[in-house]
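> just to be clear, the model below is a prediction. Sequence and coordinates:
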Amino acid sequence: MIFLLLFIPLLTFAQDFSQKSFTVGARSSYFTNLEEWDNTFLYYIPEYADESFGEKIGQRRKFKLRVLDYTNSDEKVIVDPLDVSLEFFSDRNSFQVGFLRYRFSETFGLQLLDVANPRDYSEFVFNDLSWSKRSVFGVNDTFKWDNLQIQLILTLWPNGDRLPYQGTAFDTTTNVVEYEGGVVERPWLKDLEYGTRIKYLFENGLDLSFLYFHHFSRPTFQDVQVISLSKVLARPTDHMVDSFGSSASFVWNEWVLRADALFTINDLVMENLLSYEKDDHFQTLLGIDRNFDTFVLGLQSQSDFTIERHFFGIRAEYSDISWWKPSAMVFQNYESSDQWFQLKSLFELDDWKLSVIYDGIQGGKGDKDLFGVYRRNDRYLVDLSYTY
Amino acid sequence: MKLFALIFALMISSAALAADLLEEVDKYRNPSESYSMQVRIESSNEKEPASFLVYLKGNNKTLTKVLGPKKNLGRNMLMIGENMWVFVPNIRRSVRVSLSQKLTGEAANGDISRMRWAGDYSHKIEKKDPKEWQLLLEATKKDLTYAKIRAWIDAKDKRPLKAEFLTLSGKVIKTATYEDYKKMLGMNRPTKIHIVDNLKKDQYSDIFIDKMENKSFPDSMFTEKSLE
């Protein structure tokens, strides 16, 4: 209801720009080893945005919801306010309030620095960020002085991660665990998250930022308690942590160099999908990208120095055909067989969009194997949508 | 001493005139310090035209919103100085790109984001005839869309007629002609820029300026947040 209040029309200025659309779609995954379809749902995305400017002040309103209706599990309909916000901006300051998805990181892949928003882990990390990043309700104020930006964030409702629903393809618990999965409930105004980011764009093109954020440790794990010989109780963790991070990007000729680093004090660090330990957590990411005439190439190295898990990734997208965008990506652990291989074909014809994605997953059962637990979850994801 | 002062004054005034010439050429494409324009680009190799709403403030701040086609909605662009970001909706991320990167068809990002030559290029007059002047512009900054431009301007009113975009070595990459001068915001302005690829002469893009409006924008609008 609160997002409707945010959207009361403000008739201050005539609109300079407005956009509206409605998307309806269906998504499902075929798991080749299990030989079955799972995680099947319909989705609806109404979207409206407008902006207007006066002499000294401008305003922007956004309304974007996503409704997920699952057909192969009894998970309730999820109404996700992706971006329902009101923003005012003057020469030096922009103030935004509402359901927001903040952006901290400059890199592709598994964005380390995006700690301020929960994620949808119902398909582990195999969905792209536009799909998996969930919103929070908060206030976002950015002060701008030439090339310097200082951002202050206060999150009043941190929202929760969405975990695999019990019995669905990416649920790793067994029947003896009392566990429902789905969206982790977080109360309003109880555990506030807050932080700041300072960003400076140097004359030579180096874009450098530093951040501090007080937040829930993410991803959410499960605390497991043995109730009886035949029953185990799993409850989501609610551990608050402090993170310090830095991000940089630099354009060198046609190449774009990127780097992220994140240090989290006393974080919950994944040992495997059902266990964790508390430790200081240090992660880095280095990447380089280039846009060629007909394709985009990205190389990336990602390291978790606490677990000693190091990945190398390569991604290429062919971009010369307007209605077909094929891409391929490999994410490989340096020291083990842990691997995620993705082939993606995106077809766009008028208002129709069809994505066919193949995720090939390999890995062992060791603590350093991130993907190993899902090695039987090779899948074809099919997503068909229509926007009008 | 008087001679020295005279020479010095002449040098100063010729430098000022040189800067004034590019500013005079620029005023045909830029109605004021801060304005918005609606742009449509039709390309030989694209089925649908691409359309944009462009907010420009000075020579170093531009926010470009994609209005169509639908598949490109959200791929908004921000330029600050010689730095450019494009928002990629499916990864929800703004990505650094270069000004010379292809926007659509034969048009580069910088062709609609950076409409001024004064301040970015020094120039010398290569040829003067009664009808038109030929100028050679050389970039004074790194990472601009083009390293050199050979421009032809009307000798009388200094409006741009044609430009060849060159590499540092002087090879012609593209040729642009400034056409369909129409009255817009108080003076005749080119409403069509026809860009041809010099290597593939059958490939072209037409940039149409459909609407222009003088407008002031708050500075804090020109941040990556505005791309989303």
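All right, it came through fine.
> helices of chain B, start to end?
B:2-26, B:109-113 (DSSP state H).
> pLDDT on the first one, on average?
Looking back up the chat, that one is helix B:2-26. For helix B:2-26, mean pLDDT rounds to 64.
> please apply the same query to stretch A:171-191.
Averaged across stretch A:171-191, the pLDDT comes to 85.
> residues contacting that stretch, please?
Outside stretch A:171-191, the residues within contact range by CB atoms under 8 Å, 6 or more residues apart in numbering or on different chains are A:75-76, A:78, A:118, A:122, A:137, A:156-166, A:168, A:216, A:220, A:222, A:224, A:227, A:230-234, A:236, A:238, A:240, A:273-274, A:373. For every residue, glycine as well, the C-beta is placed using N, CA and C.
> pull up the distance across it, start to finish.
27 Å (CA to CA, to the nearest Å).
> and it, what's buried?
The neighbour-count check on stretch A:171-191 (16 or more other CB atoms under 10 Å in any protein chain shown) flags A:D171, A:T173, A:V177, A:Y179, A:G181, A:G182, A:V183, A:V184, A:R186 as buried.
> and what of stretch A:277-286?
Neighbour counts over stretch A:277-286 (16+ other CB under 10 Å) mark A:H281, A:Q283, A:T284, A:L285, A:L286 as buried.
> contacting residues around it?
With CB under 8 Å, 6+ apart as the test, stretch A:277-286 has contacts from A:107, A:109-110, A:112, A:239, A:258-269, A:271, A:300-306.
> the lengthiest strand in chain B: partners in the sheet, and parallel or antiparallel?
The strand spanning the most residues in chain B, taking DSSP state E as the definition, is strand B:172-184. Strand pairing for strand B:172-184, using DSSP bridges, gives strand B:160-166 (antiparallel), strand B:187-197 (antiparallel).
> how far does that strand sit from the chain's center?
11 Å (CA atoms, centre = their mean, to the nearest Å).
> do the same with stretch A:80-87
Centroid separation for stretch A:80-87 versus its chain: 16 Å, with CA atoms, centre = their mean.
> one more: stretch A:171-184?
22 Å.
> end to end, how far does that stretch reach?
OK, stretch A:171-184 end separation, CA to CA: 15 Å.
> enumerate the residues of the stretch 1-150 of chain A near chain B.
A:16-17, A:19, A:21, A:53, A:55-58, A:60, A:83, A:89-94, A:96, A:101, A:103, A:105-106, A:108, A:111, A:128-130, A:133, A:142, A:144, A:147, A:149 (CB under 8 Å from any CB of the partner chain).
> next step: these restricted to helices.
In helices, defined here by DSSP H, the members of the residues of the stretch 1-150 of chain A next to chain B are A:L129, A:S130.
> all the strands of the stretch 251-388 of chain A, in order from the start?
In the stretch 251-388 of chain A, the strands defined using DSSP state E, counting those that start in this stretch lie at A:255-272, A:275-291, A:295-304, A:309-318, A:324-333, A:339-349, A:352-362, A:379-387.
> can you list the strands that the second one pairs with?
Okay, so that is strand A:275-291. Here, using DSSP bridges, strand A:275-291 pairs with strand A:255-272 (antiparallel), strand A:295-304 (antiparallel).
> quick one, which of the ones you listed gets closest to B:Y55.
Taking CB to CB, strand A:255-272 is the member of those nearest to B:Y55, at 24.0 Å.
> hmm, which helix or strand of the chain has the shakiest average pLDDT?
No chain specified, so I'll use chain A. Within chain A, no helix or strand scores below helix A:2-6, which has a mean of 50 by mean pLDDT, DSSP states H and E.
> which element is A:L68 on?
Taking DSSP states H and E as the definition, A:L68 sits inside strand A:58-70.
> next, the buried residues of that strand.
Of the residues in strand A:58-70, A:G58, A:Q59, A:R60, A:R61, A:K62, A:F63, A:K64, A:L65, A:R66, A:L68, A:Y70 count as buried by neighbour count, 16+ other CB under 10 Å.
> rewinding a little: mind putting the strands paired with strand A:275-291 in a markdown table, mean neighbour count, mean pLDDT and distance to B:M37 included?
Below are the strands paired with strand A:275-291 laid out as a markdown table (neighbours: other CB atoms under 10 Å in any protein chain shown; pLDDT from 0 to 100; distance: least, CB to CB, whole Å):
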| stretch | mean neighbour count | mean pLDDT | distance to B:M37 |
| --- | --- | --- | --- |
| strand A:255-272 | 19 | 90 | 28 |
| strand A:295-304 | 18 | 90 | 29 |
